[in-house]
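Visitor: I would like to see how this sequence folds:
(4 chains)
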Number of protein chains: 2
Amino acid sequence: MGRPAKFTREQLQEAALALIDADGLSGLTMRALAARLETGAMTLYNYVSQREELEMLVVEAVLGKVRWVPDGHLPWYEELEGIAITLWRVIRDHPHVIPLILTKRSRSPAVFEVTEALLRTLAQSGRSGARLLVGFRAVSALIMGAAQAELAGPLTLQADESPDDTIARFQALPPDRFPHLIEIATAATASDAETEFRASLSLLIDGLRADAAPQA
Amino acid sequence: MGRPAKFTREQLQEAALALIDADGLSGLTMRALAARLETGAMTLYNYVSQREELEMLVVEAVLGKVRWVPDGHLPWYEELEGIAITLWRVIRDHPHVIPLILTKRSRSPAVFEVTEALLRTLAQSGRSGARLLVGFRAVSALIMGAAQAELAGPLTLQADESPDDTIARFQALPPDRFPHLIEIATAATASDAETEFRASLSLLIDGLRADAAPQA
DNA sequence: ACCTGAACACCGTTCAAGT
DNA sequence: ACCTGAACACCGTTCAAGT
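Guide: Next up, the predicted model:
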């Protein structure tokens, strides 16, 4: 429990997140974090038993930023859309943290809260048990997958290069072998990530509505 | 080009993937890979300019395992399902590589091939341009997001612990605050990842079919 | 209890030298 | 051209000692 303690957990989280946002994932080292807090590296081990625990703190810090007010007037599918987009935006604000979010098992209350809110909304579609689980898996997979799709991933369209360079790269591909790849690369230059995510989410929500149980 | 060269690219890929499969992502180090190939660490730099390039080779090795034969008789949505499940299985066979797949921009032909195949099938739903892009984003986000959902991620159900321990952990949560979380945790113990993925994918495909243009 | 420096066993990579 | 050992500048973490 508390006693003096030189730093708070929040200070660690804030400093660690700032390092990652500024310098990427590799910018977070025990030594760099200690330096930023103007202390020695070993001091951190008074707060965290391993580097990995630090990474969990960062995940928690990001997901804890989700602020979302339920609106009982909306139909479940509109409310679901709102939660999903909120989550997507928060994650996307901290792109370098995404690998950690996808990788570290977080057991923080903040994560439980937002998950329960999403499930509560989804349950209003008449789902329970295994069907609720599947709906949840689909929505969270879409959010997580989409959050880093244009960031990286195997099928990245925009790289370090300029948008023009990207499209040029795809148009340099043999058009008889990769016609559709060239087509969507072109379409991507006239689009943006949030628009694409919203439209993708709509497709899934259409499927969820078609499969919903009749409302009480 | 070729000259003698002590190793082939395939040998590097195979050895690197074997290290990751066996020891996790942290098992792949320049030194460990060199040792496995019975050479010095610096020899690797004759094949690869950075460690990151090695990681791209590994991504390529995994995605190159996708073998899928098109079946012209199937309707597009069944063919799409087949490709998606094939991709999901290949990725899931190498769980430790997932962070790399999600993170490294791969420009290998193998990745282009499977992407084009997926797009070709999706285009048969009557989509083109921006709509084709959105459909593609949705399907790939679902695959990528689902591939590591139960592996890790913020809402992980099975951890290092046994399934029974997992459900016990969730049932220890306050049931008035997290009723649905407890509900799906229970449902998850009677389920498996592939079943959940197939059902999630069906929801999305339903949405894609509802929004398809009339066939020619 | 909390703090911390020295030290250890690792990393990736540069440099310089070999064939 | 391809190979390679020594060396450098980093890591995370153990240990031991301080208050």
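
Visitor: just the element for residue A:100, please.
Guide: Using DSSP states H and E, residue A:100 sits within helix A:98-103.

Visitor: how about that helix and chain B, touching?
Guide: Yes. Interface with chain B: helix A:98-103 contributes A:98-99, A:101-103 (Cβ under 8 Å from any Cβ of the partner chain). Using the backbone N, CA and C atoms, a C-beta is placed for each residue, glycine as well.

Visitor: mind giving me the packing neighbours of the next helix-or-strand element following that helix?
Guide: Counting by DSSP H and E, the next helix or strand C-terminal to helix A:98-103 is helix A:109-123. Helix A:109-123 is packed against helix A:51-63, helix A:76-92, helix A:129-147, helix B:179-189, with contacts defined by 3 or more Cβ pairs under 8 Å, 6 or more residues apart in numbering or on different chains; DSSP states H and E.

Visitor: can you tell me which of those is packed in deepest?
Guide: The highest average neighbour count among those, using mean count of other Cβ atoms under 10 Å in any protein chain shown, belongs to helix A:129-147 at a mean of 24.

Visitor: how about the nearest residue to the residue most central in space within chain A, chain neighbours excluded?
Guide: Closest residue to the average C-alpha location of chain A: residue A:91 at 3.4 Å, with Cα atoms, centre = their mean. Excluding the flanking residues, the one nearest residue A:91 by Cβ to Cβ, 6 or more residues apart in numbering or on different chains is residue A:147, at 4.4 Å.

Visitor: likewise for residue A:21?
Guide: Nearest non-adjacent residue to residue A:21, counting by Cβ to Cβ, 6+ apart: residue A:94, 6.2 Å away.

Visitor: and the one you found, what is it in contact with?
Guide: Applying Cβ atoms under 8 Å, 6 or more residues apart in numbering or on different chains to residue A:94 gives the contacts A:17, A:20-21, A:62.

Visitor: now, among the residues you listed, which is nearest to chain B?
Guide: residue A:62 (9.6 Å; Cβ to the nearest Cβ).

Visitor: ok, the closest one touching residue A:17?
Guide: Yes. Taking contacts as Cβ atoms under 8 Å, residue A:62 lies within contact range of residue A:17: 6.9 Å.

Visitor: which residues are in contact with each of these two?
Guide: Common contact partners of residue A:62 and residue A:17 (Cβ under 8 Å, 6+ apart): A:94, A:97.

Visitor: how is chain A carved up into domains?
Guide: Following automatic domain parsing, one gets these domains for chain A: A:9-49, A:76-153+A:163-210.

Visitor: okay, how far is it across the last one, tip to tip?
Guide: Using Cα to Cα, to the nearest Å, the gap from the first to the last residue of domain A:76-153+A:163-210 comes to 13 Å.

Visitor: tell me the mean pLDDT for that domain?
Guide: Averaging pLDDT along domain A:76-153+A:163-210 yields 90.

Visitor: so is it next to DNA strand D?
Guide: No. If you take Cβ under 7 Å from any atom of the strand as the test, domain A:76-153+A:163-210 misses DNA strand D, and the best it gets is 13.2 Å.

Visitor: mind checking the SS state of residue A:69?
Guide: For residue A:69, the secondary structure call by DSSP: H, G, I helix; E, B strand; the rest coil comes out as coil.

Visitor: check the gap between the residue of chain A most remote from its centre and residue B:116 for me.
Guide: In chain A, counting by Cα atoms, centre = their mean, residue A:176 sits farthest out from the average C-alpha position, at 36.0 Å. From residue A:176 over to residue B:116 the distance is 11 Å, taken as Cβ to Cβ, to the nearest Å.

Visitor: same check, this time on residue A:47
Guide: The gap separating residue A:47 from residue B:116 is 49 Å, by Cβ to Cβ.

Visitor: just residue A:78 next, same as before
Guide: In this view, residue A:78 and residue B:116 are 36 Å apart by Cβ to Cβ.

Visitor: residue A:86 contacts residue A:66, doesn't it?
Guide: Yes. With contacts counted by Cβ under 8 Å, residue A:86 reaches residue A:66, the gap being 5.9 Å.
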